[in-house]
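K.L.:
the following block contains a protein sequence and its predicted model.
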Amino acid sequence: MKLLLRVVIVSLLMSAIAARAGDLEDGLAAYVKQKYSVALHKFRSAADQGSPNAQFCLGVMYGLGQGVAADPVVALRWYRLAAQQGLAVAQHNVGNAYAAGLGVKQDSAQAVGWYKLAATQGFAAAQFALGNAYLKGEGVDQQDLEEASSWFKMSAVQGYALAQFALGSLYDSGKGEVHDPAEAVYWYTLAARQGDPDAQLSLANAYRKGQGIERDDVEAARWYTLSADQGLAAAQFNLAVSYALGQGVAQDAAEAVRWYKMAAVQGHVPAQINLGLSYFEGRGVAKDSIRASMWLQLAASDGDKDAALNAELVARQMTPPQLEEAKRLARDWQARKARAAR
């Protein structure tokens, strides 16, 4: 979201280059140079004269805390002033505020109303948000997959990656669209090339399974890697499996363990199980029954029956002190995770 807001401001600057005069243009130039106090002063001057672009920019600065203490209430006030003058990006941001309850009481119906105003002006992010509302049945009378698909398409053809992925998912599942794996791959590819990690994962899965496209384990591994590098746990797990089995990459047990760990610390249960078994069997890592037990216990704590069974089998081959140490490590890990989530 921060990147989107900065892109909008930069685009405003580019459109103003031909008219280098006035507080708005001076404010945009200062903002790009991160001279936020100057930008804030210039934007306020232009906003007080009724400039919707300046009002929007003030909303961004109060929302992100740039040159001023972050204040979602004040940010929303400026967004609303710009939105009431018809600025689509501001209407979208007012919708976001209502959707998330930022600076105002959460209200999905109000969010949808503002998204519609921006979407009907062709603002791609708002079209995607409106599609999501119909997909989930939030802020609308009822879930409507056809309406969701329609808005996703309008956004997707403008190149909005999140909408492209969402549309691909509908074709993949057959919900709101005819089940069409090839069409799903088409939209996944467009989004994946823009760096969307979920689309990269879905595209990799399509290559791995040969759904909608010819099976290609090398391409699957490549897209898993791109998604995994962005921190997506499911992609990290699938990439680990690729290394463990030698699918699309040279077989490398140590590299598999490295990716299992990345997914496991995010709470990915299958990765925790495979990491635990790797420690137990000494595959790609030094054999360590305590670490094996710890990861299997963590996976079992989420209710996974296979993890619980494997944890029990490992425990039978451990001494009581070893098992107690594994339990302590698991408790400590859960406590750290709980603190980090606060």
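P.N.:
Yep, it's here.

K.L.:
check which helix or strand Ala118 maps to.
P.N.:
Assigned by DSSP states H and E, Ala118 belongs to helix 108-119.

K.L.:
mean confidence for that helix?
P.N.:
The pLDDT scores in helix 108-119 average 98.

K.L.:
same thing with stretch 73-85?
P.N.:
Averaging pLDDT along stretch 73-85 yields 97.

K.L.:
thinking again about what came up before, who touches the helix holding Ala118?
P.N.:
Identification of contacts with helix 108-119 by Cβ atoms under 8 Å, 6 or more residues apart in numbering yields 83, 88-89, 91-92, 94-99, 125-127, 129-130, 133, 138-140, 151, 154. In this view, the C-beta of every residue, glycine as well, is placed from N, C-alpha and C.

K.L.:
other SSEs contacting the very next helix or strand once past it?
P.N.:
Helices and strands here follow DSSP H and E; after helix 108-119, the next one along the chain is helix 124-136. Packing contacts for helix 124-136, counted by 3 or more Cβ pairs under 8 Å, 6 or more residues apart in numbering; DSSP states H and E, involve helix 88-100, helix 108-119, helix 145-156, helix 161-173.

K.L.:
identify the residues contacting Glu255.
P.N.:
Contact partners of Glu255, counting by Cβ under 8 Å, 6+ apart, are Ala240, Tyr243, Val249, Gly284.

K.L.:
and it, what element?
P.N.:
helix 253-264.

K.L.:
send the alpha carbons of that helix over as CSV?
P.N.:
C-alpha atoms of helix 253-264 as CSV (Å, rounded to 0.1, in the frame of the first residue of the first chain):
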residue,chain,number,x,y,z
ALA,A,253,19.2,-32.6,0.9
ALA,A,254,20.9,-29.7,2.6
GLU,A,255,19.2,-27.1,0.4
ALA,A,256,15.9,-28.9,1.1
VAL,A,257,16.5,-28.5,4.8
ARG,A,258,17.3,-24.8,4.4
TRP,A,259,14.0,-24.1,2.7
TYR,A,260,12.0,-26.4,5.1
LYS,A,261,13.4,-24.2,8.0
MET,A,262,12.3,-21.0,6.3
ALA,A,263,8.7,-22.3,6.0
ALA,A,264,8.7,-24.1,9.4
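
K.L.:
surely Tyr224 meets Ala204?
P.N.:
Yes: at 4.5 Å, Tyr224 counts as touching Ala204 under the criterion of Cβ atoms under 8 Å.
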